[in-house]
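Trainee: requesting a structural model of the entry that follows:
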Amino acid sequence: MRTLVWSEHFALGHERIDREHQRLLELSAQIEAKAETSISIEDVLPLCRDFFRLLVAHCFYEEQLLRKLPRDRFGAHVDEHCGGHARLIKQAQTVLTGQIPSGFESLPAFLGAYFELMHDLLVDDTELVGALIREGYHHPGAPGAETGWRGEIGVHPV
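Mentor: As a prediction, the model looks like this:
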């Protein structure tokens, strides 16, 4: 497995989203490196905790932004994207209990699949958050741009 490295190609022009994407990629690379020399999941838990805390906060904030897109044009895509977030968070919660989610025979196999899904979502963000900004539904730096998520989708933070 090889995590992606941050590139300006991923930049969306939204300061918080871009900063968090960059940090998530940095943390995923650190987790990957640690997992390559680790015997058990407990060896990577400290890094995973930092990664998962940021991931949950990032997903909640991003979903709040994405729900501003017109439902008739973007609703199904946003729902699918948020479903991907929910899968990432559910698996994160399993890892934080010291277990590998079912269906994975090893920590490296799980992390490879996990980061692949995360990367797919990152590419998807380019389209969705990009549309949000291009179409004027969000102006980075505008009042209220940094408000917190209120938890409407029923996924609880790790």
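
Trainee: residue ranges with poor pLDDT in this protein?
Mentor: Within the chain, the segments meeting pLDDT under 70 span 1-3, 139-158.

Trainee: repeat that with 50
Mentor: Across the chain, the ranges flagged by pLDDT under 50 are 1, 143-158.

Trainee: all helices of it, in order?
Mentor: Here the chain has its helices, by DSSP state H, at 15-36, 45-66, 71-96, 107-134.

Trainee: could I get those helices as JSON lines with distance to His9 and mean neighbour count?
Mentor: Every C-beta, even on glycine, is put in place using the N, C-alpha and C of the backbone. Below are these laid out as JSON lines (distance: least, Cβ to Cβ, whole Å; neighbours: other Cβ atoms under 10 Å):
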{"stretch": "helix 15-36", "distance to His9": "11", "mean neighbour count": "17"}
{"stretch": "helix 45-66", "distance to His9": "19", "mean neighbour count": "19"}
{"stretch": "helix 71-96", "distance to His9": "19", "mean neighbour count": "16"}
{"stretch": "helix 107-134", "distance to His9": "9", "mean neighbour count": "17"}
